[in-house]
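*Asks:* 3D model of this:
(one chain, ligands or ions: 1)
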Amino acid sequence: MVIQWFPGHMAKAKRQVEEKMKMVDVVLELLDARLPMSSRNPLIDRLVGKKPRLVLLTKTDLADPAATEAWVSQFNRLGLNVLPVDATTGKGVAQIPKRCETLLEEKFAALARKGIRTRRIRAMILGIPNVGKSTLINRLAKRNAAQTGDRPGVTKGQQWIRIGNALELLDTPGILWPKFEDQQVGLRLAASGAIREEILPLEEVAAFALQYMANRYPDLLKERYGIASGEVQEGARMLEEVGRRRGCMRKGGEVDLEKAAELVVHEIRSGRIGRISLELPDDWQKEGESSAHE
Ligand code: G4P
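*Replies:* As a prediction, the model looks like this:
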């Protein structure tokens, strides 16, 4: 499988994240709620180290609510603090400052005992492209946009955005790259929109998604494309069926598979197909979590 990141890019991105990391007390790690493990770069653990971290599951408006619940339990079991958010409506976003305060409570209390005056908690947002970093920064910043400004003593060009009384946020996020040597992970990332079309053939992505829906969301598949459970077995054949039923035809009566794939992938990415998640904690247990580690 083609990887879109060259080692040089990776090294540069890693360095930039490391620089930002030094400036903050807490990391807000963004994962796509529809594919939290696949949208997670395993390097994150080493980069964040012992620094407090709040995992934010983004785009929950697009995800299957039951799957999101299962993921929250799974992350809690792994000892991670996790909060589902939807940055487009703001759902869950207001809880972020309080959750950061709780995470930093002990550290700041220890500083206070030493007579060091407490300051605002400094946070950074970190995640792969398209996971919703800018949308969340804008959502958080809007409430206090008037207070945004430079602070002395900070790297030139780096701005802090004040969020309420207790928190300030780096205005530029840390960007990690998706890791997708694993075929399944790559297909999930592509279906969600995290990987651009040219990386993986869209027809393959659409066929994968249809097959996945037949297994996990047969009702949505029936509702949207009229394909009943068990009617068509294989993803590629389902795509052909969708093309035929939705009028993606070439002259001569042949199905235009490219057009059909575009339609399916667009409807999945936009949520028009319904609220679906592309992986469950069980899938990773089955896959041996091989891709969860470097
Ligand atoms: P990034 O900084 O991490 O790269 O992501 P960004 O905020 O730019 O968001 C990527 C796309 O995801 C944007 O769509 C944005 O509107 C959408 N998005 C972000 N948060 C949410 C959310 O909570 N729910 C939903 N439904 N969408 C969200 P876009 O501008 O249309 O870009 P694209 O989809 O054409 O790539």
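*Asks:* and the stretch 1-150 of the chain, which residues reach the ligand?
*Replies:* With Cβ under 6 Å from any ligand atom as the criterion, the stretch 1-150 of the chain meets the ligand at residues 58-59, 61-62, 86-88, 127, 129-135. (Each C-beta comes from the backbone N, C-alpha and C, glycine too.)
*Asks:* how about 8 Å then?
*Replies:* When proximity is defined by Cβ under 8 Å from any ligand atom, the stretch 1-150 of the chain lies next to the ligand at 30, 58-62, 85-89, 127-138.
*Asks:* show me what counts as buried in stretch 113-128.
*Replies:* Arg120, Ile121, Arg122, Ala123, Met124, Ile125, Leu126, Gly127, Ile128 (16 or more other Cβ atoms under 10 Å).
*Asks:* for the ligand, state which of these is nearest.
*Replies:* Gly127 (5.8 Å; Cβ to the nearest ligand atom).
*Asks:* let's see which of the residues of the stretch 1-150 of the chain next to the ligand end up in helices.
*Replies:* Secondary structure assignment (DSSP state H) places Lys133, Ser134, Thr135, Leu136, Ile137, Asn138 from those within helices.
*Asks:* burial measure for the residue lying closest to Arg139 once chain neighbours are set aside, as a count.
*Replies:* Counting by Cβ to Cβ, 6 or more residues apart in numbering, the nearest residue to Arg139 once its immediate chain neighbours are dropped is Ala87, at 4.7 Å. Number of residues near Ala87 (other Cβ atoms under 10 Å) recorded here: 23.
*Asks:* share the number of residues neighbouring the nearest residue to Gly132 once chain neighbours are set aside, please.
*Replies:* Counting by Cβ to Cβ, 6+ apart, the nearest residue to Gly132 once its immediate chain neighbours are dropped is Thr58, at 4.1 Å. Close neighbours of Thr58, defined as other Cβ under 10 Å, add up to 27.
*Asks:* kindly report the same for the one 5 residues further on.
*Replies:* A total of 26 residues lie near Ala63 under the criterion other Cβ under 10 Å.
*Asks:* could you report the pLDDT at it?
*Replies:* The per-residue pLDDT reported for Ala63 equals 98.
*Asks:* quick one: contacts for it?
*Replies:* Asp32, Ala33, Arg34, Leu57, Arg275, Ile276, Ser277 (Cβ atoms under 8 Å, 6 or more residues apart in numbering).
*Asks:* the residue nearest to Gly132 and Val264: what is the separation?
*Replies:* For Thr58, the distance to Val264 equals 23 Å [Cβ to Cβ, to the nearest Å].
*Asks:* same question for Asn215.
*Replies:* Distance of Asn215 to Val264, computed by Cβ to Cβ: 16 Å.
*Asks:* and what of Gly90?
*Replies:* Computed as Cβ to Cβ, the Gly90 to Val264 distance reads 30 Å.
*Asks:* thinking again about what came up before, and Asn215 and Val264? which has more neighbours close in?
*Replies:* Comparing Asn215 with Val264 by neighbour count (other Cβ under 10 Å), the higher total belongs to Val264, at 28 against 9.
*Asks:* that one is in contact with Ala206, isn't it?
*Replies:* Yes. Contact status for Val264 versus Ala206: in contact at 4.1 Å, counting by Cβ atoms under 8 Å.
*Asks:* list residues touching both of these two?
*Replies:* The overlap between the contact sets of Val264 and Ala206 (Cβ under 8 Å, 6+ apart) consists of Leu239.
*Asks:* need the ones in helices among the residues of the stretch 1-150 of the chain next to the ligand in TSV (columns: neighbour count).
*Replies:* As requested, those are exported to TSV (neighbours: other Cβ atoms under 10 Å):
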residue	neighbour count
Lys133	23
Ser134	14
Thr135	16
Leu136	25
Ile137	21
Asn138	13
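*Asks:* can you put the residues you listed in JSON lines and add pLDDT?
*Replies:* Listed next are those as JSON lines, based on pLDDT from 0 to 100:
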{"residue": "Lys133", "pLDDT": "94"}
{"residue": "Ser134", "pLDDT": "92"}
{"residue": "Thr135", "pLDDT": "93"}
{"residue": "Leu136", "pLDDT": "94"}
{"residue": "Ile137", "pLDDT": "92"}
{"residue": "Asn138", "pLDDT": "91"}
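*Asks:* so the residue of the chain most remote from its centre, which of the three states?
*Replies:* The outermost residue of the chain, judged by C-alpha distance from the chain's mean C-alpha position using Cα atoms, centre = their mean, is Gly252 at 41.7 Å. Secondary structure of Gly252, reduced to three states by DSSP: H, G, I helix; E, B strand; the rest coil: coil.
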